[in-house]
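In: Need the 3D shape of this:
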Amino acid sequence: MPSPQDFHAFVIDDDAEIRASLCELLETVGWTVSRFALAREALKAIKSNPPDAMVLDVQMPGMSGLELLAELRAVEAPPVILISAHGDIPMAVQAMQEGAYTFLEKPYDPRRLLSALTHAAEQHRLRQSATRLQSRLASLSGLDALLLGQTQQIDMLRKTIADVAQTDVPVLIQGETGVGKDLVATALHRASTRSEVPMVTLNCATLTPDRANELFFDPSEGSLIHKAKGGTLFLDEVAACPVDVQPMLLRLIEAGDTGGHDPADVRFVSATNQNLDTALATGHMRQDLYYRLNLIEVNVPPLRDRKDDIILLFEHFCADYAAAHKAMRPHLTQDDIAALLAFEWPGNVRQLRGVALRHVLQGQRNGPLPVALSIDPSTDEAPQTPHTLRQAVAAFEREMIARALRDTDGNMDDVAQTLGIGRRTLNEKIVKLGL
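Out: Next up, the predicted model:
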């Protein structure tokens, strides 16, 4: 809960002495105070500098306190505490009906006034926080294609995200390659109270002890922990973290020791596509690290288990890619629908997205073609570790183009310019690489 030092109050009273007394009382306990002699001045200031609570005199020239209170009903105003030397029961009842938080008579008890103001400000902050969280959670229904769907599985996933997003405990996301675990992590972050700080992603499979020491425990401002402070650290491929790095990761999570002896103010979200029972049994993952990361588990369903979403998702992807490429949105035939539903989608949503892009690009060049011609399992399966120079070059090109596509929101002209290649070459590489 915020302390009084975090709160801001409006004091509105035409009596200069009382106004000064109220301001001195609040400033003594750490409040920031804005003072006004006229109600209309305060009404103008609320829009640009809204306080957490207001202390308002009832009898004032021009606009009375009750009149100001009535004006505030039209906006999402902070709580108001009315004070007056002319108070009586009918006036108190009217003030409460107009929306006042409480009503105090002069001379007021300073302790009672401070208590009422603090409680009012705390409740106002909680209402604002709840409103923001509801807005974020409502927006999750449109968070990329992963959360677009009508099946029970995807509905349960949304509910799970909503349930755990507001906690700060570590979350482990499990699911096959391509189901969208990174999007679930993004959803958790955006719906949390940490959403104002960007989420930082770390691929644990690429870590070495030296690199981990630099990222985790270097007290400089360039360290990964410093960048993620106040936000979310997404540990991708956590089960592939090298065994000699796992104790360092465990130390960071358990002790919050960043080398500078400051707590790591970070929410940990991790993801893996590996069988963790096997990883634990073979010693590829430490049990203590697993139990520390897996306080809450979120399972993302494979696409084959939510077949009723396949056509909806495919149409969504095609519409997006057609708009990005300034192409005609392809019309699905019954044969197209049958082909989409018959395929098992081992690469899940990522593979479906790649097929949609190929379908749009191939149709742009050659006219409408069957969707079946765009489904090429050999280019959509999960990427393996390159064994030849050609495979390594293809993997590098895939990563470069994919990053450029993400950074430019799929604008192909910008992607081509960023990579220094022509549009035709870019389209050919996208199709060839199955992006």
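In: Next one: the residue nearest the centre of the chain, what pLDDT does it get?
Out: Centroid-nearest residue in the chain, with C-alpha atoms, centre = their mean: Arg190, separated by 0.8 Å. Here the pLDDT value assigned to Arg190 is 86.
In: Low-confidence regions, the stretch 151-300 of the chain specifically.
Out: The model of the stretch 151-300 of the chain has pLDDT under 70 over residues 219-222, 255-264.
In: so who does Thr167 touch?
Out: Ile296 (C-beta atoms under 8 Å, 6 or more residues apart in numbering). Bear in mind the C-beta positions are built from the backbone N, C-alpha and C, glycine included.
In: so how far is Thr160 from it?
Out: 12 Å (C-beta to C-beta, to the nearest Å).
In: next one: Trp31
Out: Trp31 is 40 Å from Thr160, where distance means C-beta to C-beta.
In: Between the two, which is the more surrounded one?
Out: It is Trp31, of Trp31 and Thr160, that has more neighbours when counted by other C-beta atoms under 10 Å, with 23 against 18.
In: That one contacts Asp6, doesn't it?
Out: No. Here Trp31 does not reach Asp6: they are 9.1 Å apart, not a contact under C-beta atoms under 8 Å.
In: What separation is there between Val11 and Gln152?
Out: Separation of Val11 from Gln152 (C-beta to C-beta) stands at 54 Å.
In: who's more crowded, those two?
Out: Per other C-beta under 10 Å, whichever of Val11 and Gln152 has more neighbours is Val11, with 26 against 11.
In: Look at the more buried one and tell me its secondary structure.
Out: strand (DSSP: H, G, I helix; E, B strand; the rest coil).
In: need the strands for the stretch 201-350 of the chain, in chain order.
Out: With DSSP state E, counting those that start in this stretch, the ranges of strands along the stretch 201-350 of the chain come out as 232-236, 267-272, 296-299.
In: okay if I get those strands as TSV plus distance to Leu289 and mean neighbour count?
Out: Formatted as TSV, the strands of the stretch 201-350 of the chain follow (distance: least, C-beta to C-beta, whole Å; neighbours: other C-beta atoms under 10 Å):
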stretch	distance to Leu289	mean neighbour count
strand 232-236	10	24
strand 267-272	10	25
strand 296-299	15	16
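In: For the ones you listed, please prepare CSV with the additional fields distance to Gly178.
Out: Shown next, in CSV, are the strands of the stretch 201-350 of the chain (distance: least, C-beta to C-beta, whole Å):
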stretch, distance to Gly178
strand 232-236, 13
strand 267-272, 12
strand 296-299, 15
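In: of all these, which lies closest to Ser48?
Out: With C-beta to C-beta as the criterion, Ser48 lies closest to strand 232-236 of those, at 31.7 Å.
In: Leu25 versus Leu69, what's the distance?
Out: Leu69 is 22 Å from Leu25, where distance means C-beta to C-beta.
In: Which of those two has more residues huddled nearby?
Out: Leu69 (22 against 19).
In: Quick check: closest non-adjacent residue to that one.
Out: Glu98 (4.4 Å; C-beta to C-beta, 6 or more residues apart in numbering).
In: now do Ile253
Out: Arg292 (5.3 Å).
In: ok, that neighbour - how many residues close by?
Out: With other C-beta under 10 Å as criterion, Arg292 counts 17.
In: So it versus Arg251, what's the distance?
Out: 10 Å.
In: list the residues that contact both of the two?
Out: Joint contacts of Arg292 and Arg251 (C-beta under 8 Å, 6+ apart) do not exist.
In: Next up, the contacts around Met400.
Out: With contact taken as C-beta under 8 Å, 6+ apart, Met400 is in contact with Leu419.
In: Show me the protein divided up by domain.
Out: 4-133, 143-301, 304-433 (automatic domain parsing).
In: ok so, going back, quick check: the residue nearest to Ile253 touching Leu250?
Out: Yes. Assessed by C-beta under 8 Å, Arg292 is found in contact with Leu250 at 6.3 Å.
In: Point out where the stretch 301-435 of the chain drops to low pLDDT.
Out: Across the stretch 301-435 of the chain (using pLDDT under 70), the flagged ranges come out as 376-392, 406-410, 428, 431-435.
In: could you pull out the helices for it?
Out: Under the criterion DSSP state H, counting those that start in this stretch, helices of the stretch 301-435 of the chain are mapped to 310-324, 334-342, 348-366, 377-380, 389-407, 412-419, 423-433.
In: among the ones you listed, which is nearest Leu183?
Out: Comparing those by C-beta to C-beta, helix 348-366 comes nearest, at 8.6 Å.
In: Restricting the selection to alpha carbons, write the closest one to PDB.
Out: Presented in PDB, the C-alpha positions along helix 348-366 are these (Å, rounded to 0.1, in the frame of the first residue of the first chain):
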ATOM      1  CA  ASN A 348       1.500 -25.700 -34.200                       C
ATOM      2  CA  VAL A 349       0.400 -22.000 -34.600                       C
ATOM      3  CA  ARG A 350       3.800 -20.900 -35.800                       C
ATOM      4  CA  GLN A 351       3.500 -23.400 -38.700                       C
ATOM      5  CA  LEU A 352       0.000 -22.400 -39.500                       C
ATOM      6  CA  ARG A 353       1.100 -18.700 -39.700                       C
ATOM      7  CA  GLY A 354       3.900 -19.700 -42.100                       C
ATOM      8  CA  VAL A 355       1.400 -21.600 -44.300                       C
ATOM      9  CA  ALA A 356      -0.900 -18.600 -44.300                       C
ATOM     10  CA  LEU A 357       2.000 -16.300 -45.500                       C
ATOM     11  CA  ARG A 358       3.000 -18.700 -48.200                       C
ATOM     12  CA  HIS A 359      -0.600 -19.000 -49.400                       C
ATOM     13  CA  VAL A 360      -0.900 -15.200 -49.600                       C
ATOM     14  CA  LEU A 361       2.400 -14.800 -51.400                       C
ATOM     15  CA  GLN A 362       1.900 -17.600 -53.800                       C
ATOM     16  CA  GLY A 363      -1.600 -16.400 -54.700                       C
ATOM     17  CA  GLN A 364      -0.200 -12.900 -55.200                       C
ATOM     18  CA  ARG A 365       2.300 -14.200 -57.800                       C
ATOM     19  CA  ASN A 366       0.200 -17.000 -59.500                       C
END
